[in-house]
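> quick one: sequence plus predicted model below, questions after.
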Amino acid sequence: MPINADYEYINAERAFFQAQTLDEKIRALEEMISKAPSHKGAENLRAGLKARLKKFQEKKEKAKSTGKTTKKAIKKEGFQIVLLGLTNGGKSQLISRLTNARPRVDSYPFTSKVPEIGTFDYEGVRAQMVDLPSIGSEAFDIGIANTADCMLLVVEQIEDLEKINPVLSRTQGKKIIVINKADLLEANALRKLEEKIKSKKLNAIIISAQTGFNIDQLKEKILSEMKVNRIYLKEPGKVVSKIPMVMRTSPTVKEVAEKIYKGFSTKIKETRVTGPSSKFPNQKVGLSHVLKDRDIVEFHGI
């Protein structure tokens, strides 16, 4: 951690280390440079960041000229979501709605030949999302889905699940049934489908990747399955950080402090919390206080 770096720089640095692609690393470095301390003691830091950015930009230009992709091989980092489905079910269009990925979308069968990787970024929470080639294609490989934390089973009708379920025997993650192409349904058919989902007690949602219908509701559903806590940091006298610190379990104040950097908790003289875990705004709490999602934490006496 650089001298006197604020939380915005720390968040940008964290995004850099979590980046999955060269483009994401470049964006994160640009953010780090803009948020880096401006005092003289940080000159070497800024110079190093700019040198690294230049190196990555040159690497990207070289990849363009040779026709090579800038994407890394699929490696699970953090929470991973996998899209599974039959051909022409709309998975490619859906991942473009949910992430920064821009896959090729065509009407003919088995368009996707390789997994497409994107970054799900919603309400300050980031996760890796992978769109696998359609079940039944030569390129389909269930291996990635077996270790994924969450799967979106993309279908056009509930009956399609009968063709998907046989490949799920070794998967362990949560499953969300995503019934796509709601734009093709009339109001009465849509109502009957909703009733069918309720009667069967399915963890399902009806969406349209084409029009965006219920896409925000799907994002909320994914977020709830991730079971994360978003902790917003605030420096005394400054506004609350827009980018939260994301924790996988209900963390204590000490755990949050130590995630900023090791030994940080020993330098804290006072902590104030505003949010779901506090009894009132700016409540003074100890290091063992358990935080909840969307809490705002302000450290004093550092």
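Nice, thanks for sending it over. These figures come from a predicted structure and were not determined experimentally. Numbering: from 1, shown residues only.
> which residue packs closest to Leu153, ignoring adjacent ones?
Nearest non-adjacent residue to Leu153, counting by C-beta to C-beta, 6 or more residues apart in numbering: Ile177, 5.0 Å away. In this view, the C-beta of every residue, glycine as well, is placed from N, C-alpha and C.
> give me the number of residues near the one you found?
20 (other C-beta atoms under 10 Å).
> run through the bridge partners of it.
Beta-bridge partners of Ile177, counted by DSSP bridges, are Leu153, Ala204.
> how near is it to Leu168?
12 Å (C-beta to C-beta, to the nearest Å).
> helices of the stretch 1-150 of the chain, residue ranges please.
Secondary structure of the stretch 1-150 of the chain (DSSP state H, counting those that start in this stretch): helices located at 7-18, 22-35, 43-66, 91-98, 143-146.
> what's the angle from the longest one to helix 7-18?
Using axes from the mean of the first three to the mean of the last three C-alpha atoms, to 10 degrees, one finds that helix 43-66 and helix 7-18 are set 40 degrees apart in direction.
> now helix 43-66: buried residues?
Within helix 43-66, the residues that count as buried by 16 or more other C-beta atoms under 10 Å are 45, 49, 52-53, 56, 60.
> where does the protein dip in pLDDT?
1-5, 17-21, 63-73, 77, 104-113, 302 (pLDDT under 70).
> can you give me the domain boundaries for it?
For the chain, automatic domain parsing gives the domain ranges 1-71, 80-226, 228-302.
> helices of the stretch 151-300 of the chain, start to end?
With DSSP H, counting those that start in this stretch as the criterion, the stretch 151-300 of the chain has helices spanning 161-164, 187-200, 215-226, 253-260.
> dump those helices to a markdown table, plus distance to Gly118 and mean neighbour count.
Conversion of the helices of the stretch 151-300 of the chain to a markdown table gives the following (distance: least, C-beta to C-beta, whole Å; neighbours: other C-beta atoms under 10 Å):
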| stretch | distance to Gly118 | mean neighbour count |
| --- | --- | --- |
| helix 161-164 | 21 | 14 |
| helix 187-200 | 27 | 12 |
| helix 215-226 | 13 | 16 |
| helix 253-260 | 26 | 19 |
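> out of these, which gets nearest to Lys238?
Lys238 lies closest, by C-beta to C-beta, to one member of these: helix 253-260, at 15.2 Å.
> between the closest one and helix 7-18, how many degrees?
70 degrees.
> packing partners for helix 253-260?
strand 229-234, strand 245-247, strand 296-300 (3 or more C-beta pairs under 8 Å, 6 or more residues apart in numbering; DSSP states H and E).
> quick one: strands adjacent to the second one?
When you say that, I think you mean strand 245-247. Strand 245-247 is paired, per DSSP bridges, with strand 229-234 (antiparallel).
> can you check what angle separates the partner strand from helix 215-226?
Relative orientation of strand 229-234 versus helix 215-226 (the same axes, to 10 degrees): 100 degrees.
> and strand 229-234, how far out from the chain middle?
16 Å (C-alpha atoms, centre = their mean, to the nearest Å).
> what angle separates that strand from strand 296-300?
Per the same axes, to 10 degrees, the angle that strand 229-234 makes with strand 296-300 is 40 degrees.
> just to check, Ser92 is in contact with Pro133?
No - with contact defined as C-beta atoms under 8 Å, Ser92 does not count as touching Pro133 (10.0 Å).
> look at these two and report which has more neighbours.
Ser92 (23 against 19).
> measure that one to Tyr261 for me?
Taken as C-beta to C-beta, the span from Ser92 to Tyr261 is 40 Å.
> returning to that earlier point: let's have the helices and strands packed on helix 253-260 in TSV, adding distance to Asp216 and mean neighbour count.
Below are the helices and strands packed on helix 253-260 laid out as TSV (distance: least, C-beta to C-beta, whole Å; neighbours: other C-beta under 10 Å):
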stretch	distance to Asp216	mean neighbour count
strand 229-234	17	21
strand 245-247	19	20
strand 296-300	24	19
